[in-house]
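A.B. asks: got a sequence here, can you model it:
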Amino acid sequence: MAMETKLRIRIAFPKGHIGPGKIALLELIDEAGSISAAAKKMGMTYRRAWHLLETVQTVLSEDVIETSVGGKRGGGAKLTSVGKDLITLYREAETEAVKGASPLLKKLDSLLD
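C.D. replies: The predicted structure is shown next:
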């Protein structure tokens, strides 16, 4: 059974790139409310996750997460409105790119048979 060809996008900004991995990390932070929990789900270290977040924030020159220091209930992280907008816009761009490339992807799939 042949695997279906997929399109993955990476958006180049003047200060760097944002692609599916960084977006997935943001989505997991939004879901879990924690950088460490999101990193664990992605199989990466907290340090690596934090580095990726710093990269995103440098690219956009905006905070994409807000963190709170631990206490009795522990710390946490949540997305800012910029972080949420980034996910939405990235996913919209991804959907449109896949839609536009669909005929070409089908032709590429035929090369696998």
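A.B. asks: from now on I want contacts and neighbour counts done on CA atoms only, so please keep to that.
C.D. replies: OK.
A.B. asks: so is K78 in a helix, a strand, or just coil?
C.D. replies: Assigned with DSSP: H, G, I helix; E, B strand; the rest coil, K78 falls in the strand class.
A.B. asks: how many residues are close by it?
C.D. replies: For K78, the count of nearby residues is 20 (other Cα atoms under 10 Å).
A.B. asks: which stretches of this structure have low pLDDT?
C.D. replies: Along the chain, the parts satisfying pLDDT under 70 run over 1-3, 70-74, 113.
A.B. asks: gap between the helix ranked longest in the chain and the chain center?
C.D. replies: Ranked by residue count and defined by DSSP state H, the top helix of the chain is helix 81-110. Relative to its chain's centre, helix 81-110 lies at 13 Å (Cα atoms, centre = their mean, to the nearest Å).
A.B. asks: which non-adjacent residue is nearest A32?
C.D. replies: Distances taken as Cα to Cα, 6 or more residues apart in numbering place A38 nearest to A32, at 6.4 Å, with adjacent residues excluded.
A.B. asks: what comes up buried for the one helix or strand the one you found maps to?
C.D. replies: A38 belongs to helix 35-42 when assigned by DSSP states H and E. Neighbour-count burial for helix 35-42, with 16 or more other Cα atoms under 10 Å as criterion, is recorded at 35-39.
A.B. asks: now do that helix: which elements does it pack against?
C.D. replies: helix 20-32, helix 46-60 (3 or more Cα pairs under 8 Å, 6 or more residues apart in numbering; DSSP states H and E).
A.B. asks: turn the buried residues of helix 35-42 into a markdown table, columns for distance to A93.
C.D. replies: Formatted as a markdown table, these follow (distance: Cα to Cα, whole Å):
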| residue | distance to A93 |
| --- | --- |
| I35 | 25 |
| S36 | 28 |
| A37 | 27 |
| A38 | 23 |
| A39 | 25 |
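A.B. asks: which among those residues gets closest to G76?
C.D. replies: Minimum distance to G76 across the buried residues of helix 35-42 is 7.2 Å, recorded for I35 (Cα to Cα).
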